[in-house]
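Asker: generate a structure from the sequence data that follows.
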Amino acid sequence: MDIPADAPEFSAPGPLLVACPCLAEDRTSPAMYDLHDYARMIADEARMGPYVQALQAVVTPGSVVADVGSGTGIFALVACRLGARRVYAIETGDVIQVGRELARENGVADRIVFFHGDSREVELPERADVIVSDLRGVLPLYREHLAIVADFRTRFLKPGGVLIPARDRLMVAVVERPDLYEWAVGPAHGPIGVTLESMRARLRNATFADRECDRLRPECVVTTAAAWATLDYATVQPLPIAGCAELRVQRQAIGHGLALWFEADVTGECGFSSASAQLNCYGRLFLPWPRPLALSKGDQVDVDLWAQADGEPWGWNSTVTAVDGARAAFKQSSFLSMPSKPVASVRDARSATLSQETGS
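Answerer: A predicted model of the protein is given here:
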């Protein structure tokens, strides 16, 4: 079905849904990204390279492509350069106007149809051979990402069509980062001796989005890394995610908590890791322990993690078994960090984290 270049765009009502990797986790802001953020995303070769390679592998002359969460339309433009007959670019934000301008600038405005609205309110005139998207935040468990994927997979994709990305593996490791821990749990004292332990008790159960590019350097990771869950976008549904991992301490260190990131299989052999110090789009999620813990080479750390599909609340249990048999266990949840959850005293707060230590 051919659509004239001057056809009016579709505009659908609905909540603001951010279409690009998370540079900020503010869930209420009406404008999470400015144009500098979008420019940084495009300049991020560690991310863009695998996406472009994936599109090159599957887009052929005559293909129909849907770009969900199009932003500036960069993936739509690439698809047109690769010969796509029609591209449907869907974006909730006003940045869609930049996408229209770039389409005209690159001479492909006659092949891209822009939809300004929530993809779940959009009806495409035909199904797509390829759907490309990046609706992640710091992790793929972000806002309505999984619900949107499940919807467009069902309604937009042709039988045998290709989803980009194909899957994400959620990774975890213990890290030694005293500076990050202090950022995450906050100061112990305010001005003129004011104590802040009640606030810190909550923050020890709060997730912390770490977006500094060099935070997760290899020397900061003190255990083996492991996948605790895999999101296969061919089948994923917007349901809670849970998993576990067994980690082994590689050197003597002080453990401050868990670092979470994802490894993306964009398609085929193309992929990337958000743990990379070169990436500047995603960052990592830090889950602090109730207190720093001395670790020795050979200690075992067993972790159980779970989260809602939209990323909140989180839960993380950590059991550390030392080589000599000593044991420490922490049970935590970001639910306990919410101000609506009463914490009567520091002692109650410590009890609420359900942290316990036993020696043998």
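Asker: got any ranges where this protein has weak pLDDT?
Answerer: Within the chain, the segments meeting pLDDT under 70 span 1-32, 212-216, 276-280, 341-360.
Asker: any idea which residue sits dead centre in it?
Answerer: Centrality entry for the chain: nearest residue to the mean C-alpha point is residue 139, 1.8 Å, by C-alpha atoms, centre = their mean.
Asker: surely that residue touches residue 283?
Answerer: No. In this structure residue 139 lies outside contact range of residue 283 using C-beta atoms under 8 Å: 9.3 Å. For glycine as for every other residue, the C-beta is placed from the backbone atoms N, C-alpha and C.
Asker: walk me through the domains of this protein.
Answerer: Following automatic domain parsing, one finds the domains of the chain at 10-164, 168-358.
Asker: most tightly surrounded among these?
Answerer: domain 10-164 (a mean of 19; mean count of other C-beta atoms under 10 Å).
Asker: quick revisit: tell me the spacing between the residue nearest to the centre of the chain and residue 168.
Answerer: Residue 139 is 8 Å from residue 168, where distance means C-beta to C-beta, to the nearest Å.
Asker: now do residue 141
Answerer: 10 Å.
Asker: and residue 224, by the same measure?
Answerer: From residue 224 over to residue 168 the distance is 20 Å, taken as C-beta to C-beta.
Asker: just residue 124 next, same as before
Answerer: Separation of residue 124 from residue 168 (C-beta to C-beta): 25 Å.
Asker: over to residue 83?
Answerer: 28 Å.
Asker: kindly report the same for residue 270.
Answerer: Distance of residue 270 to residue 168, computed by C-beta to C-beta: 13 Å.
Asker: shouldn't residue 229 be within a strand?
Answerer: Yes. Inclusion of residue 229 in a strand is indicated when DSSP: H, G, I helix; E, B strand; the rest coil is applied.
Asker: which strand residues bridge it?
Answerer: The residues paired with residue 229 through beta bridges, assigned by DSSP bridges, are residue 170.
Asker: so it sits against residue 243, correct?
Answerer: Yes. Look at residue 229 against residue 243 with C-beta under 8 Å: they come within range, at 3.9 Å.
Asker: which neighbours do those two share?
Answerer: Counting by C-beta atoms under 8 Å, 6 or more residues apart in numbering, the residues touching both residue 229 and residue 243 are 170, 305.
Asker: could you pull out the helices for the stretch 51-200 of the chain?
Answerer: If DSSP state H, counting those that start in this stretch is used as the criterion, the helices of the stretch 51-200 of the chain fall at 74-81, 96-105, 145-155, 178-185, 197-203.
Asker: pipe those into TSV and attach distance to residue 54 per row.
Answerer: Formatted as TSV, the helices of the stretch 51-200 of the chain follow (distance: least, C-beta to C-beta, whole Å):
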stretch	distance to residue 54
helix 74-81	10
helix 96-105	20
helix 145-155	16
helix 178-185	32
helix 197-203	39
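Asker: out of those, which gets nearest to residue 35?
Answerer: In this view, those are compared for proximity to residue 35 by C-beta to C-beta, and helix 96-105 is the closest at 7.0 Å.
Asker: give me the helices and strands touching the closest one, please.
Answerer: If you count contacts as 3 or more C-beta pairs under 8 Å, 6 or more residues apart in numbering; DSSP states H and E, helix 96-105 packs onto helix 74-81, strand 86-91, strand 112-116.
Asker: alpha carbons only: can I get the second one in CSV?
Answerer: Coordinates of each C-alpha in strand 86-91 appear next as CSV, following Å, rounded to 0.1, in the frame of the first residue of the first chain:
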residue,chain,number,x,y,z
ARG,A,86,8.5,1.9,3.4
VAL,A,87,9.5,2.8,7.0
TYR,A,88,7.0,3.6,9.7
ALA,A,89,8.6,5.7,12.4
ILE,A,90,6.6,5.9,15.7
GLU,A,91,7.6,8.4,18.4
